[in-house]
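**Q** prediction below, plus the sequence it came from.
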Amino acid sequence: MPEIAVELGSGEEIPVVDFTGLTAGDLALRKATAVSMRDAFEDYGFIYLKDHTVPQSVIDELFAQSI
């Protein structure tokens, strides 16, 4: 189960999934990470990805364009 990152004002929680598990050499860890991502999307509809490799500049540009 992914760790819980944020509890929203409504009492809902958004899970955090450590993305490095998908790039691990250990097949069992990759599978467990994929299952955690799937479960989180099914249960919550959203996830926070921790330790991904997306550059901060790309994230900043995405948020700037969403306004």
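**A** All right, it came through fine. Numbers count the residues shown, from 1 in each chain.
**Q** and residue 10, which of the three is it?
**A** Classification of residue 10 using DSSP: H, G, I helix; E, B strand; the rest coil returns coil.
**Q** next, count neighbours for residue 54.
**A** Counted by other C-beta atoms under 10 Å, the residues lying close to residue 54 total 10. Backbone N, C-alpha and C define where each C-beta goes, glycine included.
**Q** from residue 60, how far out is it?
**A** Per C-beta to C-beta, to the nearest Å, residue 54 is found 11 Å from residue 60.
**Q** how about the strands of the chain, start to end?
**A** 3-7, 13-18, 48-50 (DSSP state E).
**Q** confidence-wise, which of those strands is weakest overall?
**A** Lowest mean pLDDT within the strands of the chain: strand 3-7, a mean of 64.
**Q** lowest-confidence helix or strand of this structure?
**A** strand 3-7 (a mean of 64; mean pLDDT, DSSP states H and E).
**Q** in the protein, which residue is most central in space?
**A** The residue lying closest to the centre of the chain (C-alpha atoms, centre = their mean) is residue 49, at 2.6 Å.
**Q** my guess is residue 19 contacts residue 47, does it?
**A** No. In this structure residue 19 lies outside contact range of residue 47 using C-beta atoms under 8 Å: 9.6 Å.
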